[in-house]
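Student: Pasting the sequence and the predicted coordinates here, then a few questions.
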Amino acid sequence: MLSSDAEHFYWLSRYAERAENTARLVNVNVELMLDFPGDKSQAWKPVVEITGMEDSFSKKNSSYDENVVINFLTFDKNNPNSILSSLASAQYNSKPIRDNLPRASSEQLSFLINNFIEVSKSKSNRKRSSIISSVISNIQLFFGIISDNFVIGTEYQFIKLGRFIERADMISRIVDAQCIKDEIFVLGEEYPTLQWTSILRSLSAYEAYRISQGTISKGEIINFLIKNEDFPKSIVKCLSNVQEAINNLPNNKELKKSIDQILITIINSNVNKFSNKRLHDFIDNLQKNLLDLDMEISKNYF
């Protein structure tokens, strides 16, 4: 296949996954703020930091007001990581390869972004909140259509590659941001537990975690989200999917070494026993490794 087509499949998948992840991030923080006893503006700051857009945000805004942050993360055209920008980028990458995608998946993506743009013009908070939630289910439907109607060939491997690298990166950022919050806010024992529970819910992981572990524990939640090999949204499971995709691609010798080493490092770590500082350093290194892997993929195939 053409290298340009491979790149479009890869980034279509990454941007679609990014839109869903950002929607989850906004939703869970909105719910958390209902019970947050401190300065809500400070609680929204780590959410912006998760997306890596704190410098861009601070240039335009002097405070982390809830409505300002939500607008920045969802409807701001000038924020390249907002839901709107991510959907637009996904659609942009889908156009050159639309003849190679299931027709229903292209229609689903077009419906979602057109509806999102229309609602973004509305002044109704209820409608805007509803469309953010709908992004999650609609992106899941988009990927479901592809999984059920696409030949498992090279094109599919690049979709899989992009989706799970993006997901692993976002999960690592969410866990890291929560540890930063634990360091900043001293609000008694109950609120941090509520936060970690909400993170499980944001990743649709709460029920799976309770079945697997039972007791709500920070260390066990961190271990579950990073190392559980049976949960589809754990970092290890995401990277196992990346590994499978790489194994099914040509010219993959160096890439196989890179992803194998990342997985070995994670599996051999005792993340549930790490201090917040050590976990932050561990995740920071993981994110650098994911960035290096992305650059290797680009150099190798695009």
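Tutor: Yep, it's here.

Student: Ser94 sits in which helix or strand?
Tutor: Ser94 belongs to helix 83-94 when assigned by DSSP states H and E.

Student: right, I mislabeled it, should have said Ser4
Tutor: Secondary structure assigned from DSSP H and E places Ser4 in helix 3-33.

Student: Show me what that helix packs onto, helices and strands only.
Tutor: The contact analysis (3 or more C-beta pairs under 8 Å, 6 or more residues apart in numbering; DSSP states H and E) places helix 3-33 against helix 40-50, helix 66-74, helix 83-94, helix 125-149, helix 154-184, helix 190-202, helix 276-301. Bear in mind the C-beta positions are built from the backbone N, C-alpha and C, glycine included.

Student: Recalculate using a threshold of 6 Å.
Tutor: Counting contacts by 3 or more C-beta pairs under 6 Å, 6 or more residues apart in numbering; DSSP states H and E, helix 3-33 is packed against helix 66-74, helix 83-94, helix 125-149, helix 154-184, helix 190-202.

Student: what would the ones you listed look like in TSV with distance to Met53, mean neighbour count and mean pLDDT?
Tutor: TSV is the format used below for the helices and strands packed on helix 3-33 (distance: least, C-beta to C-beta, whole Å; neighbours: other C-beta atoms under 10 Å; pLDDT from 0 to 100):
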stretch	distance to Met53	mean neighbour count	mean pLDDT
helix 66-74	8	19	91
helix 83-94	10	21	95
helix 125-149	17	17	89
helix 154-184	12	22	85
helix 190-202	19	18	71
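
Student: Relative to Asn276, which of the ones you listed is closest?
Tutor: Of all these, helix 154-184 sits nearest to Asn276, with 4.3 Å by C-beta to C-beta.

Student: Any idea how far stretch 87-99 is from the middle of the chain?
Tutor: Chain-centre distance of stretch 87-99: 19 Å, with C-alpha atoms, centre = their mean, to the nearest Å.

Student: Let's see that stretch as CSV, backbone CA atoms only.
Tutor: Output in CSV follows, covering the C-alpha atoms of stretch 87-99 (Å, rounded to 0.1, in the frame of the first residue of the first chain):
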residue,chain,number,x,y,z
LEU,A,87,-12.9,15.1,14.8
ALA,A,88,-12.0,17.5,12.0
SER,A,89,-8.5,15.9,11.7
ALA,A,90,-10.0,12.4,11.7
GLN,A,91,-12.4,13.4,8.9
TYR,A,92,-9.5,15.0,7.0
ASN,A,93,-7.5,11.8,7.1
SER,A,94,-10.5,9.7,6.2
LYS,A,95,-11.2,11.5,2.9
PRO,A,96,-8.2,10.2,0.8
ILE,A,97,-8.8,6.6,1.9
ARG,A,98,-12.7,6.6,2.1
ASP,A,99,-12.9,4.1,-0.8
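
Student: What lies in contact with that stretch?
Tutor: Asp5, His8, Trp11, Leu12, Tyr15, Ala16, Ala19, Ser106, Leu109, Ile113, Phe116 (C-beta atoms under 6 Å, 6 or more residues apart in numbering).

Student: distance of the fourth one from Leu87?
Tutor: Looking back up the chat, that one is Leu12. According to C-beta to C-beta, to the nearest Å, Leu12 stands 11 Å off from Leu87.
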